[in-house]
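J.: Any chance you can model this:
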Amino acid sequence: GISYFLVLQKMRNTGSDRDFFVLTAGRVQGIDVGGQLIQIRRILCPVDFFRPSEAAVAYAGFLAKNYNARIHILHVVPPASSFVSFARDMGRLVKAAHDESQLRLARMAKTVKASGVTVSVEIRFGEIDREIVNAIAEYKANLVVAGTHGRRGFQHWLIGSVCERLLKTAPTPILTVGHV
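T.: Predicted coordinates:
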């Protein structure tokens with residue numbers, strides 16, 4: 001769970017024209033951004049069960065192991081009205097989506113836990129972007145690791161990009177992972 005860094009710097013000896021190299025080693029406690037040390041302790045990983053989100057879970061697991069952080073894997077089921085317009089089918093459809101999501105999240109969590117990382121899972125219902133932003137605040141996430149599909153053109157215009165909207169509204173850094 002402890003990370004180390006090595007930095008090789010080329011230096012010039014004062015009063016001389018000779019260069020020398022300095023090798024610096026140390027423990028990583030966080031990420032240095034603009035002179036501020038960011039501690040990565042809680043990683044939120046929203047998933048939609050497509051390949052990019054599976055890759056995002058793998059990246060989040062790697063980061064969590066290196067920074068001794070924990071992961072919260074989140075799946076948001078969009079409003080039932082997005083799926084079906086028949087009121088009699090909505091309850092059954094929502095229950096099926098919840099049950100399937102629980103099984104898939106359990107499989108993802110099991111894989112990450114096998115590497116020694118603490119993992120929690122959650123299913124929410126609602127508008128995807130809003131629920132992810134709410135989860136960031138409630139979980140006090142230091143980092144979001146999210147998969148992105150890389151849609152372009154008409155498909156991007158029609159469906160949009162959750163990651164793109166999150167980049168505009170999320171209060172934490174977001175690492176996006178595409179197809180790997």
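J.: partner strands of the strand or helix carrying residue 144, parallel or antiparallel?
T.: Using DSSP states H and E, residue 144 falls within strand 143-147. Looking at strand 143-147 with DSSP bridges, its partner strands are strand 42-47 (parallel), strand 174-177 (parallel).
J.: Which residues does it contact?
T.: For strand 143-147, the surrounding residues in contact (C-beta atoms under 8 Å, 6 or more residues apart in numbering) are 40, 42-48, 50-57, 59-60, 63, 69, 132, 136, 162-163, 166, 170, 172-178. (Glycine included, C-beta is placed from N, CA and C.)
J.: That one - what's its average pLDDT?
T.: Averaging pLDDT along strand 143-147 yields 89.
J.: Do you know the pLDDT at residue 43?
T.: Reported pLDDT for residue 43: 96.
J.: An error on my part: the question was meant for residue 170.
T.: 83.
J.: Residue 122: what's it in contact with?
T.: Here residue 122 is in contact with 72, 73, 74, 75, 135 (criterion: C-beta under 8 Å, 6+ apart).
J.: Dump those to TSV, plus pLDDT.
T.: Below are the contacts of residue 122 laid out as TSV (pLDDT from 0 to 100):
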residue	pLDDT
72	97
73	97
74	96
75	95
135	96
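J.: hang on, the earlier thing: looking at the strands paired with strand 143-147, which is buried most?
T.: Comparing these by mean neighbour count (mean count of other C-beta atoms under 10 Å), strand 42-47 comes out on top with a mean of 25.
J.: after it, next one along is what?
T.: Taking DSSP H and E, what comes next after strand 42-47 is helix 51-67.
J.: Remind me what that following helix packs against, helices and strands.
T.: Where contact means 3 or more C-beta pairs under 8 Å, 6 or more residues apart in numbering; DSSP states H and E, helix 51-67 is packed against strand 42-47, strand 70-77, helix 87-113, strand 143-147, strand 174-177.
J.: how many neighbours does residue 144 have?
T.: Neighbour count of residue 144, defined by other C-beta atoms under 10 Å: 28.
J.: Kindly apply the preceding question to residue 53 instead.
T.: Counted with other C-beta under 10 Å, residue 53 comes out at 22.
J.: Then the one 5 residues further on?
T.: The burial count assigned to residue 58 is 19, neighbours taken as other C-beta under 10 Å.
J.: May I ask which helix or strand of the chain has the lowest mean pLDDT?
T.: The helix or strand of the chain with the lowest confidence, counting by mean pLDDT, DSSP states H and E, is helix 153-159 at a mean of 44.
J.: ok, then the element right after it?
T.: helix 162-169.
J.: Any buried residues in that next one, and which?
T.: 162, 163, 166 (16 or more other C-beta atoms under 10 Å).
J.: so who does the first one touch?
T.: Pointing back at residue 162 there. Per C-beta under 8 Å, 6+ apart, neighbours of residue 162: 46, 128, 129, 132, 146.
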